[in-house]
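Peer 1: How does the following fold in three dimensions:
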Amino acid sequence: MPQKTSQKIIDLIKEDPYISTTKMAEIIGVDRRNIARNIKKLKEQGAVRRVGLDKGGFWEVLCEGNKKTRRVGGLSSLLVPRAGT
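Peer 2: Coordinates of the predicted model:
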């Protein structure tokens with residue numbers, strides 16, 4: 001089954017927290033507006049957030065499914081999922 005664009009975005013952010021939406025669009029092969037829409041949904045779901053300015057800032061993956069994450073030196077590392085989630 002093909003991966004959803006939102007999951008591809010999360011994977012790219014994990015690989016490179018400083019990646020631009022333009023670069024994401026190039027890699028995934030979709031329009032940058034499509035990336036922006038997906039990121040907006042991911043932000044609303046609490047899955048990702050932007051830290052700092054558009055230029056010079058970085059992305060954080062906050063949660064993926066029921067797993068919570070935390071930032072370590074600009075990268076995300078998985079924590080143990082909460083019981084009952």
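Peer 1: Need the residue closest to the centroid of the protein.
Peer 2: Taking Cα atoms, centre = their mean, the centroid of the chain lies closest to residue 10, which sits 3.5 Å from it.
Peer 1: Check which helices and strands the helix or strand that that residue is a member of sits against.
Peer 2: When elements are assigned from DSSP states H and E, residue 10 belongs to helix 5-15. For helix 5-15, the contact count by 3 or more Cβ pairs under 8 Å, 6 or more residues apart in numbering; DSSP states H and E identifies helix 21-28, helix 32-44, strand 48-51, strand 58-61, strand 75-78 as packing neighbours. Backbone N, C-alpha and C define where each C-beta goes, glycine included.
Peer 1: quick one: strands adjacent to the third one?
Peer 2: Sheet neighbours of strand 48-51, with direction, are listed as strand 58-61 (antiparallel) (DSSP bridges).
Peer 1: what's the spacing between the partner strand and its chain's center?
Peer 2: In this view, strand 58-61 has its centroid 6 Å away from the chain centroid, taken as Cα atoms, centre = their mean, to the nearest Å.
Peer 1: What residues of that strand count as buried?
Peer 2: Buried residues in strand 58-61, counting neighbours by 16 or more other Cβ atoms under 10 Å, are found at 58, 59, 60, 61.
Peer 1: Just the closest of those residues to residue 4, please.
Peer 2: Proximity of the buried residues of strand 58-61 to residue 4, judged by Cβ to Cβ, is greatest for residue 61, which lies at 14.9 Å.
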